[in-house]
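Colleague: starting from these lines, generate the structure:
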Amino acid sequence: GTHQNETAEKEITRIKQILSAVLDLCERNKNDHLTLDNERGPLLWFHVLDRLVNAKSLLRLTKNSTSAISTVLSDLLLMTMQRMISNVSLYELMHKITRDHARSDLGEFREMLVSMLKTYGSEL
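Modeller: Model (predicted):
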């Protein structure tokens, strides 16, 4: 009951704090890493993004997954994307997503891309 909910809330908060620390690290080290095509850049960000997206696709494969976990992962993805906006060019981000997921229908990304474009729109 309530105790389980509180425990879950605490876990989610901890996960978000960890992600936040990871994103801080990405921000601080954004000029220290070479991307795959040897340009300085957003490799670290993309590592984080990949892990979250992979976790989300794995969830879809397991039939008994709870929507709660999926919701948390969506929140984490959104958090990551929002932080990436000020550090990674929209072009690089779109390029990576469309290249890595060329064979998928981008369903995983559709809602994120829409919310990102809105965010980018308000940044401009």
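Colleague: report the spatially nearest residue to the residue nearest in space to the middle of the chain, omitting neighbours in sequence.
Modeller: Nearest to the mean C-alpha position of the chain, by CA atoms, centre = their mean, lies Leu77 at 3.1 Å. Counting by CB to CB, 6 or more residues apart in numbering, Leu52 is the residue found nearest to Leu77 once chain neighbours are left out, at 5.0 Å. C-beta here means a position set from N, CA and C on the backbone, and glycine is covered the same way.
Colleague: I figured that neighbour hits Leu73, correct?
Modeller: Yes: counting by CB atoms under 8 Å, Leu52 touches Leu73, with 6.2 Å between them.
Colleague: quick one, longest helix in the chain?
Modeller: helix 2-28 (DSSP state H).
Colleague: list the buried residues for it?
Modeller: Within helix 2-28, the residues scored as buried using 16 or more other CB atoms under 10 Å are Ile12, Leu19, Val22, Leu23, Cys26.
Colleague: and the helices in this protein?
Modeller: With DSSP H as the criterion, the chain has helices spanning 2-28, 43-61, 67-85, 90-100, 107-123.
Colleague: give me the contact list for stretch 49-56.
Modeller: Contacts to stretch 49-56, defined as CB atoms under 8 Å, 6 or more residues apart in numbering, come from residues Ser70, Leu73, Ser74, Leu76, Leu77, Thr80, Met81, Met84, Lys96, Asp100, Glu108, Phe109.
Colleague: could you redo the last one with a cut-off of 7 Å?
Modeller: Ser70, Leu73, Leu76, Leu77, Thr80, Glu108 (CB atoms under 7 Å, 6 or more residues apart in numbering).
Colleague: you'd agree the third one is up against Gln17?
Modeller: Right, Leu76. No: checked against CB atoms under 7 Å, the pair Leu76 and Gln17 is beyond contact range at 11.4 Å.
Colleague: distance of Glu11 from Val72?
Modeller: Per CB to CB, to the nearest Å, Glu11 is found 9 Å from Val72.
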